[in-house]
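here's my sequence, what's the structure:
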Amino acid sequence: MGAARQAGAAASEKPGETKVTEVRAAVGLPPTHPVVAEGWRTFEQVATSAPDSGLKFRLFINGAVLGASGGLEPLSQGDADLGLVVPARYPEQFPFTGYVTELALASENGMAAAAAMTEQVLLGCQPCADEFLGQGLVFLGTYSAPPYVLISRARIDTPASLKGRNVLTPGTIWDRWVASLGARPVHEPALGAAVSGVKPPAPDASIDVALALNQVNPAQGPHFLTPLHLGGYRGASPFTVNRSFWRALNVKQRAMLLEGAAAGIVAATEAYEEQARSVIASAADKGVTVVKPDAALDRLVRGMAEQDGERAAGVAREREGIVDADEILAQYRSLYAKYDGLFRTATGEDRVRILSREIYAKIDVGRFAAIPSTDEAEAKKK
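All right, here's what the predicted structure looks like:
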């Protein structure tokens, strides 16, 4: 595994020309994925838009260089300069960031949740930032994947119609919600379950993104989609920078990467939003009926989303030893409320301007992630 290289290795030799730094970027996703097709494309365009940026990208996709799962260790070691990291896959290395990610999962407004988490990690949660720095990485922000919806074989629009159903869920937070509603959470069979004879009950419904409707077979009978407030995934770090590479960049180049991050986060999130709208709009073509939940079911789900923050704070305190978990929760909620208001009608460039103004313009580019972190400073004293 190669050590982190110095930026500027592919420099121009001609006098008077801007030195060109090649940026090796890696993401374990296909070229048509929203994070690649829109998020990374926009990030690169903006980061190289200034004539004197001196940045040139080489993007490796489909798991090249870092692997399909976005290898934490290879990126830390400098096998790539930028890459996608999913902190939730590394709970021991990212307990604080993982906690903030869990808070963001339950939020209804995806763009507001992504912005709130981005600001909190970059400006308001030093332990979160230090987790990245301690791994030799620099966090530049997160996006929002599409919201989860309820897809079912029978019409579900009231608490009574959900009670007793087997619901396939994407994770533990939704297990709790499903159980609280009187339904039974189920999961895909674990590896080896078929051999052992252990077979989970067949699901009556699933909590999934709208894109899953593309897998629905109209010949299997009617299906229904209920757009409940079920949150979505936020927390992936798509533009994670190797810290040695970051330190070797000049201030202009770092500033351009921050500009690219603001635009890329919005582009990826909006691509997901458009994908979800398009799929739902064509649901009838697949034999899927979109039903509106009644006020009681909607109220119950929203109430669980609110309560889950307190539960997450308790777990963070007791299991992870995060003593200021309540303060982090309060900070996240305050940031989310701010962005929920700011993004209520904003789209596209307006969203980018909001992120730039509220977050990235407040970063001291010359010092950010370039000076020793708190952990490094403490280590040197010992």
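
okay, now the unreliable bits of the stretch 51-200 of the chain?
Applying pLDDT under 70 to the stretch 51-200 of the chain picks out residues 67-70, 189-200.

which element follows the top helix by length along the chain toward the C-terminus?
Secondary structure of the chain read by DSSP state H shows that its longest helix is helix 251-281. Proceeding N to C from helix 251-281, the next assigned helix or strand is strand 288-290, under DSSP states H and E.

tell me which other helices or strands that following strand touches.
strand 223-226 (3 or more CB pairs under 8 Å, 6 or more residues apart in numbering; DSSP states H and E). The C-beta positions use only the backbone N, C-alpha and C, and glycine is treated the same way.

excluding its own residues, what touches whichever helix or strand comes after the strand it packs on? List them.
On the C-terminal side of strand 223-226, the nearest following helix or strand under DSSP H and E is strand 232-234. Under the criterion CB atoms under 8 Å, 6 or more residues apart in numbering, residues 101, 104-105, 107, 110, 113-114, 117, 142-148, 170, 209 lie in contact with strand 232-234.

kindly write the ChimeraX command that selects the buried subset of those.
Here is the ChimeraX command that selects the buried residues among the contacts of strand 232-234 (16 or more other CB atoms under 10 Å):
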select :101,104,105,107,110,113,114,117,142,143,144,145,146,147,148,170,209
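
tell me which of the contacts of strand 232-234 fall in helices.
Using DSSP H, those in helices are 101, 104, 105, 110, 113, 114, 117.

spatially nearest residue to the first one (excluding sequence neighbours)?
Counting by CB to CB, 6 or more residues apart in numbering, residue 235 is the residue found nearest to residue 101 once chain neighbours are left out, at 3.3 Å.

and the pLDDT at the one you found?
Residue 235 carries a pLDDT score of 90 in this model.

could you identify the most distant pair in the ones in helices among the contacts of strand 232-234?
Farthest-apart pair in these is 101 and 110; separation 13.4 Å (CB to CB).

wait, residue 169 sits on residue 186?
Yes - using CB atoms under 8 Å, residue 169 makes contact with residue 186 at a distance of 7.4 Å.

who's more crowded, these two?
Taking other CB atoms under 10 Å, residue 169 and residue 186 do not tie; residue 169 has more neighbours (24 against 20).

residue 105 versus the more buried one, what's the distance?
12 Å (CB to CB, to the nearest Å).

equivalent analysis for residue 342, please.
Counting by CB to CB, the gap from residue 342 to residue 105 is 21 Å.

next one: residue 179
17 Å.

same thing with residue 160?
To residue 105, residue 160 is 27 Å away according to CB to CB.

now do the same end-to-end measure for stretch 48-56.
Stretch 48-56 has an end-to-end distance of 7 Å (CA to CA, to the nearest Å).

tell me which residues in it are buried?
48, 53, 54, 55.

which residues touch residue 36?
27, 29, 30, 59, 61.

buried ones among those?
27, 29, 59, 61.

what about the residues you listed, which are in strands?
Counting by DSSP state E, the part of the buried ones among the contacts of residue 36 found in strands is residue 59.

got CSV for the buried ones among the contacts of residue 36, with distance to residue 308 too?
What follows is the buried ones among the contacts of residue 36, written out as CSV (distance: CB to CB, whole Å):
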residue, distance to residue 308
27, 30
29, 28
59, 36
61, 34
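
what helix or strand is residue 305 on?
helix 295-318.

what's the average pLDDT for that helix?
Averaging pLDDT along helix 295-318 gives 92.

buried set for it?
Neighbour-count burial for helix 295-318 [16+ other CB under 10 Å]: 297, 298, 300, 301, 304, 305, 308, 309, 312, 313, 316.

from what I see, the fourth one and residue 230 are in contact.
Yes - between residue 301 and residue 230 a contact is recorded at 6.8 Å, counting by CB under 8 Å.

find residues that contact each of these two.
Counting by CB under 8 Å, 6+ apart, the residues touching both residue 301 and residue 230 are residue 177.

just the buried residues of stretch 205-222, please?
Quick answer for stretch 205-222 (16+ other CB under 10 Å): 205, 206, 207, 208, 209, 210, 213, 216.

inside strands: which ones of these?
By the criterion of DSSP E, membership of the buried residues of stretch 205-222 in strands covers 205, 206, 207, 208, 209.

tell me where the stretch 101-250 of the chain has strands.
Here the stretch 101-250 of the chain has its strands, by DSSP state E, counting those that start in this stretch, at 137-138, 144-152, 166-168, 184-186, 205-209, 223-226, 232-234, 237-242.

spatially, what comes nearest to residue 141 if we skip its sequence neighbours?
residue 118 (4.1 Å).

kindly report the same for residue 81.
residue 245 (4.3 Å).

great, nothing more from me.
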